[in-house]
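Undergrad: Predicted model and sequence below, questions to follow.
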Amino acid sequence: MNTDLQQLHPYPFEKLAELKGGITPPAHLAHIALSIGEPKHEPPEFVLQTFADNLGRFANYPATKGLPELRQAISQWANKRFQLSSGLCAETQVLPVNGTREALFAFAQAVVNRQTANPLVVSPNPFYQIYEGAALLAGAKPHFLNCTADNQFIPDFAAVPASVWRDCQLLYVCTPGNPTGAVISTEQFQQLIELADRYDFVIASDECYSELYQDENAPPPGLLQAASAMGRHDFARCVVFHSLSKRSNLPGLRSGFVAGDADILKKFLQYRTYHGCAMSVPNQLASIAAWQDESHVLANRDAYRAKFKAVLKELGGCLDVSCPEAGFYLWPKLPISGEAFAQKLFAEHNVTVLPGAYLSRQADGLNPGENYVRMALVATEAECIEAARRIRTCVESL
Ligand SMILES: Cc1ncc(COP(=O)(O)O)c(C=O)c1O
C-alpha cells in the first residue's frame, strides 16, 4: 500500500464520534447537530426539476471538460460576480468539478512536484481537512499558518519566512474561512499574488462559502477579482474553487468549478481525464440552471442572516463570539477546551458541536483551535435558537 496513507489523520468526525462514545445524553431533549457543515435549507425546485427532466442523458458518457454550455454559464456567473473585466475564457479558464472537495484534493496531486528537496503545501490553521490530506498524498509536507483573533483569523502572510515561500509549491487559502468566516481582502490577495510571482507557487483559493455573506453591499472579493484589478487577465498562478453545495443547498449534487490560469487548468484537465471524474450530463444541465439564478441564493442568505441574528441574541454576551462576515459557522472562544465543552454540551444538553482542535494542528507552539468550537447554523431557525438556549445554560454552569 501507499505508505503516505499512514500519515493521514483521522477525520474530525471520527474523533467526534469517539469523544461522544459511551455518553448517553438526556433522553427528554431532542438531539440538535451543529457539528456538520451540511446545508439543510431546501434545494431549489427548478434545479431538481431540470435534473429530473434530463435523466435520459445518463445514456451518454460525459466529457471531463464538461459541456460548453456549462462552462459558458459558469464564466458568465463569475464575470458578473467578480467583475472580471476581460472575462473568463469558457474554453480554457473554467473546468467543472464534482464538488470542491474532490477538486481541492486532486489539484494538489496535479500541481505538486515531489522530486524537489522539500515540497511544501502551505495552509491556514484551522483548515478544511482536505488540504492536509491532499498535501500528504501528493508527497508534500503541510505547513500551517495560524489564524487567530490577533490576526482577525487571516494568516499573517507577511510574517512567513522566505525559506517557507521558497519551498512552497501550493498555497491553499479559504475565504470566507471555514470555520472562522473571515474574509481575505483584495489587498491581501494582491500581496499573495506578488509573493506567488516572487517565489513561483500556485494559489488555490477555496471560495465555496463566497455567496453566504452578511452584507448585501459587500460580497466577499475573490482571488480572480483581485488579479483582474491588477490587470492580470491571464490569472497566472491563480485558481479558484466554487461550489453549488452551500450557495444553492445542493451538497448531494456534487457540482462546482475551478477557474483561473489556463496553463494550470490544461494540466489539471489532463490529470482529471485519467482520474476519471467527469460530471454526469443531468448534473451539468441542473448546474447551469443553478448558476443562472440568484434569487434562491438571496433567499438563502436571508435565512442564514435571520439565524445568526436570533442565535447571537440568545447567546447574548455569554460567550466570546461575533457574527462572521460570511459563511454559516460561529466560532466562539471558550473558557475551557473545546473538547471538554463539546463533551459536556452533548452529555448534558444533547447538542453536538465540533471541537475546534479537530480542525487545527499545533504550529509555532500553539493550537489555534484549542479553546474553540465550531457551530454550523444549518438546522432550522427554531432548532438553532433552542440549541443556543441550551448552550447558554451549559456556559453558565461552567
Ligand atoms: C472550506 C470548504 N471547502 C470545500 C468544501 C467541500 O464542499 P463541496 O465538495 O460540497 O463543494 C467544504 C465543505 O464543507 C468546505 O467547508
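TA: Arrived safely. Numbers count the residues shown, from 1 in each chain.

Undergrad: alpha carbons only for contacts and neighbour counts from here, please
TA: OK.

Undergrad: Spit out the contact partners of Val121.
TA: Val121 sits next to Ala135, Ala140, Lys141, Pro142, His143, Cys168, Gln169, Leu170, Leu171, Tyr172 when contact means C-alpha atoms under 8 Å, 6 or more residues apart in numbering.

Undergrad: of all the residues in the protein, which ones are close to the ligand?
TA: Counting by C-alpha under 6 Å from any ligand atom, the chain comes close to the ligand at Gly37, Gly99, Thr100, Arg101, Tyr128, Asn178, Asp206, Cys208, Ser243, Ser245, Pro251, Gly256.

Undergrad: Ranking by neighbours, what's the top pick from these?
TA: Neighbour counts for those were taken using other C-alpha atoms under 10 Å; the highest belongs to Ser243, which has 29 neighbours.

Undergrad: Got phi/psi on it?
TA: Reported as degrees, to the nearest 10, the phi and psi values for Ser243 are phi -150, psi 150.

Undergrad: Excluding sequence neighbours, find me the nearest residue to it.
TA: Among residues not flanking Ser243 along the chain, Gly256 sits closest, at 3.9 Å (C-alpha to C-alpha, 6 or more residues apart in numbering).

Undergrad: was I right about the one you found contacting Glu102?
TA: No. The pair Gly256 and Glu102 fails to qualify as a contact (C-alpha atoms under 8 Å) at a distance of 9.9 Å.

Undergrad: Can you check which helix is longest in this structure?
TA: Of all the elements of type helix in the chain, the one with the most residues (DSSP state H) is helix 295-315.

Undergrad: helices and strands around it, which ones?
TA: Helices and strands in packing contact with helix 295-315 are listed as helix 381-396; criterion 3 or more C-alpha pairs under 8 Å, 6 or more residues apart in numbering; DSSP states H and E.

Undergrad: hmm, try it at 10 Å
TA: Using 3 or more C-alpha pairs under 10 Å, 6 or more residues apart in numbering; DSSP states H and E as the contact criterion, the neighbours of helix 295-315 among helices and strands are helix 244-247, helix 281-291, strand 329-330, helix 381-396.

Undergrad: Show me how far the second one is from its chain's centre.
TA: Mean C-alpha position of helix 281-291 versus that of the full chain (C-alpha atoms, centre = their mean, to the nearest Å) differs by 21 Å.

Undergrad: So which elements touch that helix?
TA: Helices and strands touching helix 281-291, by 3+ C-alpha pairs under 10 Å, 6+ apart, are helix 45-53, helix 68-81, strand 94-97, helix 244-247, strand 256-260, helix 295-315.

Undergrad: Can I get the following helix or strand past the third one as PDB, trimmed to CA atoms?
TA: Put plainly, it is strand 94-97. For strand 94-97, the following helix or strand on the C-terminal side (DSSP states H and E) is helix 100-111. Written as PDB, here are the backbone C-alpha positions of helix 100-111 (Å, rounded to 0.1, in the frame of the first residue of the first chain):
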ATOM      1  CA  THR A 100     -14.800  21.400  -4.500                       C
ATOM      2  CA  ARG A 101     -13.700  18.600  -2.100                       C
ATOM      3  CA  GLU A 102     -12.500  16.300  -4.800                       C
ATOM      4  CA  ALA A 103     -11.100  19.200  -6.800                       C
ATOM      5  CA  LEU A 104      -9.100  20.600  -3.900                       C
ATOM      6  CA  PHE A 105      -7.700  17.200  -3.300                       C
ATOM      7  CA  ALA A 106      -7.000  16.400  -6.900                       C
ATOM      8  CA  PHE A 107      -5.400  19.800  -7.600                       C
ATOM      9  CA  ALA A 108      -2.500  19.100  -5.200                       C
ATOM     10  CA  GLN A 109      -1.900  15.800  -6.900                       C
ATOM     11  CA  ALA A 110      -1.600  17.600 -10.200                       C
ATOM     12  CA  VAL A 111       0.400  20.700  -9.000                       C
END
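
Undergrad: Nearest to the middle of this protein, which residue? Look it up for me.
TA: Nearest to the mean C-alpha position of the chain, counting by C-alpha atoms, centre = their mean, stands Cys208 at 4.9 Å.

Undergrad: For whichever residue of the stretch 251-398 of the chain sits closest to the ligand, give me its contacts.
TA: With C-alpha to the nearest ligand atom as the measure, the residue in the stretch 251-398 of the chain that lies nearest the ligand is Pro251; the distance is 5.0 Å. Residues touching Pro251, when contacts are defined by C-alpha atoms under 10 Å, 6 or more residues apart in numbering, comprise Gly37, Glu38, Pro39, Lys40, Pro43, Gly99, Ser243, Leu244, Ser245.

Undergrad: same question, Leu377
TA: Taking C-alpha under 10 Å, 6+ apart as the definition of contact, the neighbours of Leu377 are 33-40, 304-305, 307-308, 311, 327-330, 383-385, 387.

Undergrad: hmm, which of those residues are the buried ones?
TA: Buried subset of these (neighbour count, 16 or more other C-alpha atoms under 10 Å): 33-39, 304-305, 307-308, 311, 327-330, 383-385, 387.

Undergrad: Closest to Phe51 out of the residues of the chain next to the ligand?
TA: Proximity to Phe51 was ranked across the residues of the chain next to the ligand by C-alpha to C-alpha; first place goes to Pro251, at 14.5 Å.
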